[in-house]
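Peer 1: Dropping a prediction and its sequence here:
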Amino acid sequence: MTEKEKRAQGLLYDANYNPEISQELLACKDICFQYNQILPSHEEERRALMKQLLGKTGEAFCIQPPFWCDFGYNIEIGENFYANHGCIILDGAKVTFGDNVFVAPNCGFHTAGHPLDVEQRNQGLEYAWPITVGDNVWIGANVTVLPGVTIGSGSVIGAGSVVNRDIPSGVIAAGNPCRVVREITEEDRDRYRRGMHRK
């Protein structure tokens, strides 16, 4: 079994010394560096390069630089995806975002984890577990999403949260570790509509 096959199965694999993985990692970092140097006004050039890098994109998306990822081909974004400055995606495993996902500044999505055993860790072994984010999710600033997590559709993750467990759909969740605070209700929808009609 190759190291990439081990990685795909969520097993420990050689993330540091395997030539194939190292070459892919460097190639991806070069593209990320190039992307981060493109003038903000050159939107079509930025979008074309991101379509080349990522495994799947919608037609409408915006990823503000600086942006960094490990491989790119393991990342799938839906329609109307928006990531603000400082997004980092460590995509040793698949990272999937649904439609209408908004990611605030300085968020990290980390599929990579390390063994607790020091000998295995010092050998450069890692594991990678997928992350899935549903449709219509808003992720606040400085959120960290850890390996193996699923965030359900329509949920909001509060700023500064560390998401180390699955979050159901339609809730506000926050904290370290991130926990469900409450469900999102009709009252939440009406709250801002009332404010828009004030004179």
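Peer 2: Here it is on my side, so go on.

Peer 1: The nearest residue to Ala15 once chain neighbours are set aside: which element?
Peer 2: Closest residue in space to Ala15, ignoring its immediate chain neighbours: Glu126 at 3.9 Å, by Cβ to Cβ, 6 or more residues apart in numbering. Bear in mind the C-beta positions are built from the backbone N, C-alpha and C, glycine included. Glu126 belongs to strand 125-128 when assigned by DSSP states H and E.

Peer 1: strands paired with the following helix or strand past that strand, and their directions?
Peer 2: Sequence-wise, the next helix or strand downstream of strand 125-128 (DSSP H and E) is strand 131-133. Strands flanking strand 131-133 in the sheet, each with its direction: strand 95-97 (parallel), strand 150-151 (parallel) (DSSP bridges).

Peer 1: Tell me which of those strands lies nearest to Gly140.
Peer 2: strand 150-151 (12.1 Å; Cβ to Cβ).

Peer 1: Determine the next helix or strand in the C-terminal direction from that closest one.
Peer 2: Once strand 150-151 ends, the next helix or strand along the chain (criterion: DSSP H and E) is strand 156-157.

Peer 1: Name the residues that touch that next one?
Peer 2: Among residues not part of strand 156-157, those counted as contacts by Cβ atoms under 8 Å, 6 or more residues apart in numbering are 137-140, 143, 151, 163, 167, 171-174, 178, 184.
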